[in-house]
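1. Sequence plus the predicted model coming up.
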Amino acid sequence: MNTSENRRSFIKKAGAFIGAFSVNSLFNQIHASDWNDNEEQYHGLSPIEMASNEDYWSVIQQGYSASSSPIIILNNGGVSPSPIVVQQAVERFNQMTNQGPSYYMWQILDQGRESLRESLAKLGGCSSEEIAINRNATEALVTVIYGLDLKKGDEVVGSTQDYPNMMQAWKQRVLREGIIYKQLTFDFPIENDEEIVEKYREAITEKTKIIHLTHVINWNGQIMPVKKIAKMAHEHGLEVIIDGAHSFGLLDFKIPDLEGDYFGTSLHKYLSAPIGSGMLWIKKDKISKVWPLVCAGDPQSDNIRKFENLGTRSFPIEQGIGEALNFHNAIGTKRKEERIRYLKDYWAKQAKDIPRVKIHTSLNPAYSCALAGVSVEGIEPGVLTSVLMSKYKIHTTSISLENIHCVRVSPHVYTKISDLDRLVEALSNIAKS
Ligand SMILES: Cc1ncc(COP(=O)(O)O)c(C=O)c1O
């Protein structure tokens, strides 16, 4: 083949990789036949029945290099590893890009964005005209926080248990524009939706314009009744922003069903997309009133793409999202949710019976999924995290926030039961010492 034929064939192949669900996707080449066989054996079993089927999940675990890491990674809520197929896709896109970035990235890979938008919208149960692809939940949510018109004295209700980046963004608006930012504090775990809804309701005044919610509280894993709060907020004529960093790609829901107006998420947490990928959803009729965080030719347009004018960034990472979606969809959201909840229950239900050990998260399935907090009486969370790492090679993260002090543990689909046995054993040994 001469050089130009070589190049044409390369572009043809590259084109075949672009777009989720292409029959030529890397996922299909690598996993389709094994996973189909795996699938056929369990046909007809419900997600809950499948949750404890180790044979099925061992095939999924093999799809992740992290499943053979010398360290047991139990902070997937922070950031999750990508399956091998996603890593390979990013590498291939990157190699292609570096043959000539301004051509391969801006003219070839760029063509994959619209089909990616469609695939993300399908998973989110919404219109693709409501989805902007970006780099993380912070970028998605701060776009909305800074992009909405508010005047001095307008009130926003959030909580001290929302994510710090979002709280800081609201506080910056307090300093610059004189808006009022009220923050509620909850004594989690709470297993009563009405108690939570009431607290938001009581904070509303005639000046309130927005309620800022976190779908899954990152500090202890509490699932919030966002739909009920959003309904109540709409009855008062307010708008609702939902931080879905820990819910998208984990919990089985459709974004519009939450009844928020704005929803931002990372894709590099439970969806296992390449690190540095995120998504913003805005209800179609609200898009025109949100100013872009960066810039756009027509900043008041109702075209969601106005939020994607982010300057030069990694299209290989962005296009890698497609393979993460293939991997995720081949498992199915509900099945993944039930498996990860099962893994959380597996360790937490054993740990709670160990003397001196306390679980800081509700084990009622309506109120938690992947994340749970644990502590050992008399041991600071930071010390517990260090001992788990230095003595047992278990990586977790410690939480010290006003009324939440624990070590946060978050497994993923690649986590093995033996990893969790090691965690329980470690907690038991530490509690005895
Ligand atoms: C609740 C919540 N929101 C937002 C974020 C920010 O995510 P990112 O780092 O992807 O911007 C996090 C990160 O852990 C989080 O826990």
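-> Looks like it arrived, so ask away.
2. need the strands for the chain, in chain order.
-> If DSSP state E is used as the criterion, the strands of the chain fall at 72-73, 131-134, 155-159, 180-184, 208-214, 239-243, 262-266, 278-282, 357-359, 372-376, 394-395, 397-401, 404-409.
3. Ok, which of those strands comes nearest the ligand?
-> Ranking the strands of the chain by proximity to the ligand (C-beta to the nearest ligand atom) places strand 262-266 first, at 3.3 Å. Using the backbone N, CA and C atoms, a C-beta is placed for each residue, glycine as well.
4. Contacts for the closest one next, please.
-> 79, 136-137, 139-141, 143-144, 239-245, 247-249, 255, 277-283, 286, 290 (C-beta atoms under 8 Å, 6 or more residues apart in numbering).
5. helices or strands up against whichever helix in the chain runs longest?
-> Longest helix of the chain, by residue count under DSSP state H: helix 333-351. Where contact means 3 or more C-beta pairs under 8 Å, 6 or more residues apart in numbering; DSSP states H and E, helix 333-351 is packed against helix 47-50, strand 357-359, strand 372-376, strand 404-409, helix 417-432.
6. Turn the strands of the chain into a markdown table, including distance to residue 336, mean neighbour count and mean pLDDT.
-> Converted to a markdown table, these look like this (distance: least, C-beta to C-beta, whole Å; neighbours: other C-beta atoms under 10 Å; pLDDT from 0 to 100):
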| stretch | distance to residue 336 | mean neighbour count | mean pLDDT |
| --- | --- | --- | --- |
| strand 72-73 | 17 | 22 | 98 |
| strand 131-134 | 20 | 24 | 98 |
| strand 155-159 | 27 | 23 | 98 |
| strand 180-184 | 31 | 16 | 98 |
| strand 208-214 | 21 | 24 | 99 |
| strand 239-243 | 20 | 26 | 99 |
| strand 262-266 | 15 | 29 | 99 |
| strand 278-282 | 17 | 27 | 98 |
| strand 357-359 | 22 | 18 | 98 |
| strand 372-376 | 17 | 25 | 98 |
| strand 394-395 | 21 | 20 | 98 |
| strand 397-401 | 22 | 16 | 97 |
| strand 404-409 | 18 | 25 | 98 |
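7. Any idea which of these gets closest to residue 232?
-> When those are compared by C-beta to C-beta, strand 208-214 sits nearest residue 232, at 8.7 Å.
8. Mind giving me the packing neighbours of the closest one?
-> strand 155-159, helix 226-235, strand 239-243.
9. Dump these into CSV; add distance to residue 408 as well.
-> CSV is the format used below for these (distance: least, C-beta to C-beta, whole Å):
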stretch, distance to residue 408
strand 155-159, 18
helix 226-235, 20
strand 239-243, 17
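10. Same list (the ones you listed) but as TSV, adding distance to the ligand.
-> Formatted as TSV, those follow (distance: least, C-beta to the nearest ligand atom, whole Å):
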stretch	distance to the ligand
strand 155-159	11
helix 226-235	12
strand 239-243	5
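11. need the residues of the stretch 201-350 of the chain near the ligand, please.
-> 214, 218, 243, 245-246, 266, 278 (C-beta under 6 Å from any ligand atom).
12. Which one of the residues you listed is nearest to residue 58?
-> Of all those, residue 58 sits closest to residue 246, with 25.7 Å by C-beta to C-beta.
13. Now do the contacts for that closest one.
-> Residues in contact with residue 246 (C-beta under 8 Å, 6+ apart) are 77, 214-218, 221, 269-270, 370-371.
14. ok, so of these, who is nearest residue 260?
-> Nearest to residue 260 among these, counting by C-beta to C-beta, is residue 215 at 8.9 Å.
15. Please name the residues that touch that closest one.
-> 223-224, 226, 242-247, 251, 258.
16. 10 Å - rerun?
-> 222-227, 242-248, 250-251, 253, 258, 260, 263, 265 (C-beta atoms under 10 Å, 6 or more residues apart in numbering).
17. Using JSON lines, please lay out the strands of the chain together with distance to residue 319.
-> Shown next, in JSON lines, are those (distance: least, C-beta to C-beta, whole Å):
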{"stretch": "strand 72-73", "distance to residue 319": "25"}
{"stretch": "strand 131-134", "distance to residue 319": "10"}
{"stretch": "strand 155-159", "distance to residue 319": "34"}
{"stretch": "strand 180-184", "distance to residue 319": "38"}
{"stretch": "strand 208-214", "distance to residue 319": "29"}
{"stretch": "strand 239-243", "distance to residue 319": "25"}
{"stretch": "strand 262-266", "distance to residue 319": "17"}
{"stretch": "strand 278-282", "distance to residue 319": "14"}
{"stretch": "strand 357-359", "distance to residue 319": "40"}
{"stretch": "strand 372-376", "distance to residue 319": "34"}
{"stretch": "strand 394-395", "distance to residue 319": "29"}
{"stretch": "strand 397-401", "distance to residue 319": "30"}
{"stretch": "strand 404-409", "distance to residue 319": "31"}
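18. that older thread, may I see the helices and strands packed on helix 333-351 arranged in CSV, with distance to residue 165 as well?
-> CSV is the format used below for the helices and strands packed on helix 333-351 (distance: least, C-beta to C-beta, whole Å):
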stretch, distance to residue 165
helix 47-50, 33
strand 357-359, 27
strand 372-376, 21
strand 404-409, 17
helix 417-432, 29
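19. so which of these gets nearest residue 107?
-> Here helix 47-50 is closest among those (C-beta to C-beta), at 41.7 Å.
20. Check which residues of the closest one are buried.
-> For helix 47-50, the buried set under the neighbour-count rule, 16 or more other C-beta atoms under 10 Å, comprises 47, 50.
21. how far off helix 417-432 does the longest helix of the chain point, in degrees?
-> Angle, helix 333-351 to helix 417-432, by axes from the mean of the first three to the mean of the last three C-alpha atoms, to 10 degrees: 30 degrees.
22. Got the domain ranges for this protein?
-> Domain segmentation of the chain under automatic domain parsing yields 7-70+81-111, 114-325, 335-432.
23. any idea of the pLDDT on residue 244?
-> Here the pLDDT value assigned to residue 244 is 98.
24. Please name the nearest non-neighbouring residue to it.
-> residue 265 (4.2 Å; C-beta to C-beta, 6 or more residues apart in numbering).
25. Sweet, I'm off.
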